[in-house]
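Novice: Output the structure for:
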Amino acid sequence: MITVVLIDDHAVVRSGFAQLLNLEADIDVIAQFGDAAQALPWLLRSTPDVAVMDIAMPERDGLSLLRQVRARRPHFRAIILSIYDTPAFVQNAIEAGACGYLTKRCGPEELVQAVRSVGAGGHYLCAEALSAMRTAGQPVGALKALTPREREIFTLLVRGESVRRIADALTLSHKTVHAHRASILSKLQCATTIELVHFALENNLLAHC
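Specialist: Just a heads-up that it's a prediction; the model follows:
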């Protein structure tokens, strides 16, 4: 079960998110707060799997709250919600320690997907955030959207390894590697493995692989 806390100063938004997430059998919203001041003491003594927090709140913004909590709890995992998708906002969120970034234009299914990805130890950037990072020349930041296993498979794919050889090397089934490959392509907005290679070359990522 993935436990979630919601932090947003709009009660209607919080209520809607809570109803949506609680419909999922593997997700449980265990707390809700309307501002950072209310949330901070609870976050310092509790251990939710994922916090979903608005970036813009009265008195103290979501990034300030995130930095405060991570200073005391380095493994704290949060998804930032924002109406903005500019490179500066996305990069600031990642540097503050966010594991996910969603714009408020994202659909309900994407919120659920992000909570599951971050709750499982991965990262999630919505398409607008990924596009902003790529436009700003921050491809390494964009790779934070990949889970550790996806990053490993991404590295092998851009090195030219086949799905069969990757499956053998990582002791995975071919079906599992294909599923990871599909997720990688989707997150990095590429249609084929060739596009992944071009993406890596264009952004000098081979040095990171």
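Novice: Run through who's touching stretch 153-171.
Specialist: Contact with stretch 153-171 is made by 143, 146, 152, 172-174, 176-178, 180-181, 184, 188, 193, 196-197, 200, 205-206, 209, as judged by C-beta atoms under 8 Å, 6 or more residues apart in numbering. In short, each C-beta sits where N, CA and C put it, glycine included.
Novice: Tell me the buried residues within the residues you listed.
Specialist: 143, 146, 152, 172, 176-177, 180-181, 184, 188, 193, 196-197, 200, 205 (16 or more other C-beta atoms under 10 Å).
Novice: so how far is the first residue of stretch 178-198 from its last?
Specialist: 19 Å (C-alpha to C-alpha, to the nearest Å).
Novice: quick one, strands of the protein?
Specialist: 2-7, 27-33, 50-54, 78-82, 100-103, 124-125 (DSSP state E).
Novice: for the buried ones among the contacts of stretch 153-171, which one is nearest Ala71?
Specialist: Leu143 (25.0 Å; C-beta to C-beta).
Novice: From Leu111, how far off is the nearest residue to Tyr101 once chain neighbours are set aside?
Specialist: Once flanking residues are discounted, Tyr101 sits nearest to Ala129: 4.4 Å by C-beta to C-beta, 6 or more residues apart in numbering. Look at Ala129 and Leu111: by C-beta to C-beta, to the nearest Å, they are 14 Å apart.
Novice: One more: Val5?
Specialist: Counting by C-beta to C-beta, the gap from Val5 to Leu111 is 14 Å.
Novice: Give me the mean pLDDT for stretch 98-118.
Specialist: In this model, stretch 98-118 has a mean pLDDT of 91.
Novice: Which positions in that stretch come out as buried?
Specialist: 98-103, 106, 111-118.
Novice: longest helix of the protein?
Specialist: helix 174-187 (DSSP state H).
Novice: Give me the helices and strands touching that helix, please.
Specialist: If you count contacts as 3 or more C-beta pairs under 8 Å, 6 or more residues apart in numbering; DSSP states H and E, helix 174-187 packs onto helix 148-158, helix 163-170, helix 193-202.
Novice: Make sure His180 is actually in contact with Glu150.
Specialist: Yes - His180 is in contact with Glu150 according to C-beta atoms under 8 Å; the separation is 5.5 Å.
Novice: re the thing from before, so what's the residue nearest to Tyr101 up against?
Specialist: By C-beta under 8 Å, 6+ apart, the neighbours of Ala129 are 85, 90, 101-103.
Novice: now with 7 Å?
Specialist: Taking C-beta atoms under 7 Å, 6 or more residues apart in numbering, we find Ala129 in contact with 85, 90, 101, 103.
Novice: what's around the second one, how many residues?
Specialist: Just to be clear, that refers to Val90. Val90 is flanked by 28 other residues according to other C-beta atoms under 10 Å.
Novice: where does this structure have low pLDDT?
Specialist: Applying pLDDT under 70 to the chain flags the ranges 133-142, 202-204, 206-209.
Novice: mind redoing it with 50?
Specialist: By pLDDT under 50, the chain has no low-scoring segment.
Novice: Can you give me the domain boundaries for it?
Specialist: 2-140, 147-208 (automatic domain parsing).
Novice: okay, the ones you listed, which one's buried deepest?
Specialist: Most buried of the domains of the chain, by mean neighbour count (mean count of other C-beta atoms under 10 Å): domain 2-140, with a mean of 18.
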